[in-house]
Structure formats: C-alpha cells, structure tokens
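Asks: Quick one: sequence plus predicted model below, questions after.
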Amino acid sequence: ETAISCPGDCPCASKDSFCDPDGKSVHWCNAGKLSLVGCSAACGTKTFTKCDVDAVDGVEKCFCKQCGDGKCSFGESFSSCPADCACTDADSFCPNATTADICQTSSGGLKAFTCSDANCQNANLGASLGCGTASDGTISCLCKKLGCGDGICEGNESTSSCPADCKPCLSNADCPLSTQVCLATTQGCAPADGAKYVIKFLSATVPAFDSSGGNWDSNGTPPDPYVTVTVDGSLVCTSTTITDSTKPVWNFACPAVKIFATSTVVFDIRDDDSAFGSDDMDGAQWSGTFGGILEAGGYKGDFNTAKISTINFSVTAQ
C-alpha cells in the first residue's frame, strides 16, 4: 500500500512523487498530501529542463539548472557551464578531421591538439589517421601502430605472415583503408598506389564510317579493331584483332604491370589493315591518370575524341 493506492492508511512520502503525463509538472508530497506543481514555477529563477527520476534518490522531481550554482545539474556540461561542470571525455570533440579538442585531466579543460604525423611520431607511433572515436569510445587523435598487429596490411605483410592485419578480402570494400586495394593473388589488402594491375579489355563500340564518311577498308568491309596500352610512355600490351566489326569483343588481359596513381595510361584503338598498315581510326584514343580510373573502380565512357563511343574494361590488382 502507498499514499497513492491507499491514502486512508499511508502518509504521503517522497517515494509517492511522480511526473505528470504532460512532462512539465510533478505530483509531490506537501503537508502529507500529493499536490500537482508546475515545474516552471517550482524552478523559480533556475531554468526548468524536464521532469524525471533522480538517479541519486530515485524520486521523480523537476530538474532545474542554473549555471554558477556550484552543481553540475541535468542538461549542464563543461561546454555549456564550465563554472559548475568538470571536463570529461564526453565533452571532447573533433572540430574537423585533423584536430581534436580533448579534456585534460591535469587542467580540467579542453585543449586543442593537431592530429598530425609529427605528433604521432612523438608518441612512437606511425602516421596520423586523423581525428576520430577510439576503441574505448573517447574522441582522440588516432595514430597508426607500427608493425604486425596495427590493423593495416602493408609492406611485406600477407595473410600468412600477419593474419592479424591481412584478413582475406574479396573486394576493395573489404580493405580497412580507402587507399588500399584487394589483391586477387593473395586476397590481402595493399596500398593501391604502386601495386601491380591487370587491365582487361572487354569490348568497345566504334563508328561504322571514318570521319570523312567513307569506309574504313577499301573493299567496303567494317574495320578490324585492336587496342594498345601504354603506361608512362612504355607499351604494355597489344590485344588481338577482331575482324570486320564495329562492336569488337576482346576479353583480352594485359600482363600485370606496376602502376602509380600519377601514371599516365593511354588506350589506343586502331584499325588493322595488314596489307596497307594500321589506321589510327582518326585518333580514337583515351589518355588520363590512373588515379582517376582507380577512383571510379574502372573506366567506361566516351573517348575524348568522340570517335569511339565507348570502351569497356576492368582493372584488377594482383
């Protein structure tokens, strides 16, 4: 029995207090009886925040706050009221990806830290991974650990030599960093820049006539397309020739070659006229940096000369 269920037997006590459904008032014991009091009036000069259960005594009451009263009340924090509240991990935050404002136990206040490689190296760690949430839930400047066990598959590490870092991957999405690619040969992740890649030409679409409106071949037959690939000025491979076709399908894979993001890659489609030499098909060529191909996960689109409508190919890290 309580003062609520049996007021005839039980005097009103603090445990009988409860918040009104409107969330802005509280039923509390006054002179042995329950009275309904609006929280705004009960807070007086303080600011009403909400009616809720007090974690200290378990009594439902109006929560009021007033910065400067010496109590870190509900709704107050170091950020909103440093006069009452100490600085805790909950107040730390990342203004951007390169800096963190972190609470210092010695001063009790926020201190800005630059999440740079230099600061990480001063702590005998690797490169900076930027500002973010650490494994313990606190906001921190994250630094790369050195060696096997740092969570990054790199260098001569592999799925066999360092399984803690090099977990088997099926695609680039399985790699922990956006700057890594999944190697088809080992199913391990490695830096994309400078890895070995296999470029496979799948198909293309070429116009039925040359730029003058004439036939590609003197006998009136369609062209005989083939494609060459150069990386930084060196020829990597030459595909097979597809006879008499405006929609050649090659499915031809070049040998693996080391390519950097800044490497210049050139695809050049030509018409093979064995008796008369090779026609460059009016300059049907695409040239660009390999980094652009990596970001798109492969290239499929118009050549810059508009002589070839599309060329389809895949890029696989080895």
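Replies: Happy to help now that I have it. Bear in mind the structure is a predicted one, so any value in this text is a computation, not a measurement.
Asks: What segments of the stretch 51-200 of the chain are strands?
Replies: All strands of the stretch 51-200 of the chain, identified by DSSP state E, counting those that start in this stretch, fall at 60-65, 93-96, 99-103, 110-114, 128-133, 139-143, 180-182, 189-191, 196-205.
Asks: Using TSV, lay out those together with distance to Asp272.
Replies: In this view, the C-beta of every residue, glycine as well, is placed from N, C-alpha and C. Output for the strands of the stretch 51-200 of the chain, formatted as TSV (distance: least, CB to CB, whole Å):
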stretch	distance to Asp272
strand 60-65	82
strand 93-96	55
strand 99-103	58
strand 110-114	58
strand 128-133	51
strand 139-143	54
strand 180-182	33
strand 189-191	37
strand 196-205	14
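Asks: Out of these, flag the one nearest Asp273.
Replies: strand 196-205 (17.7 Å; CB to CB).
Asks: Sheet partners, orientation included, of the closest one?
Replies: The pairing partners recorded for strand 196-205 under DSSP bridges are strand 249-253 (antiparallel), strand 257-258 (antiparallel), strand 310-317 (antiparallel).
Asks: can you list the weak-confidence ranges in the stretch 101-250 of the chain?
Replies: Low-confidence segments of the stretch 101-250 of the chain (pLDDT under 70): 105-108, 124, 151-157, 178.
Asks: any chance you could map the helices in it?
Replies: According to DSSP state H, counting those that start in this stretch, the stretch 101-250 of the chain carries its helices in the segments 117-122.
Asks: follow-up on the earlier one: which of the strands paired with strand 196-205 sits most buried?
Replies: strand 310-317 (a mean of 18; mean count of other CB atoms under 10 Å).
Asks: Buried residues, stretch 113-126. List them.
Replies: Buried residues in stretch 113-126, counting neighbours by 16 or more other CB atoms under 10 Å, are found at 113, 115-116, 120, 125-126.
Asks: Name the pair among the residues you listed with the greatest separation in space.
Replies: Pairwise distances across the buried residues of stretch 113-126 peak at 17.0 Å for Phe113 and Gly126 (criterion: CB to CB).
Asks: just so I know, which of the strands of the stretch 51-200 of the chain lies nearest Ser263?
Replies: Ser263 sits nearest to strand 196-205 of all these, at 9.8 Å, using CB to CB.
Asks: got the contact list for that closest one?
Replies: 184, 225, 227, 229, 236-237, 239, 246-259, 265, 267, 269, 308-318 (CB atoms under 8 Å, 6 or more residues apart in numbering).
Asks: and it, how far from the chain's centre?
Replies: Mean-position distance between strand 196-205 and its chain equals 28 Å (CA atoms, centre = their mean, to the nearest Å).
Asks: And stretch 165-176, by the same measure?
Replies: Chain-centre distance of stretch 165-176: 15 Å, with CA atoms, centre = their mean.
Asks: and what of stretch 58-67?
Replies: Averaged C-alpha coordinates place stretch 58-67 at 41 Å from its chain's average position (CA atoms, centre = their mean).
Asks: what does stretch 244-257 give?
Replies: 34 Å.
Asks: how long is that stretch from one end to the other?
Replies: By CA to CA, to the nearest Å, the extent of stretch 244-257 from end to end equals 30 Å.
Asks: Ala100 pairs with what?
Replies: Beta-bridge partners, per DSSP bridges, of Ala100: Phe113.
Asks: could you measure it against Val206, distance?
Replies: According to CB to CB, to the nearest Å, Ala100 stands 55 Å off from Val206.
Asks: and if you look at Asp244?
Replies: Going from Asp244 to Val206 by CB to CB gives 12 Å.
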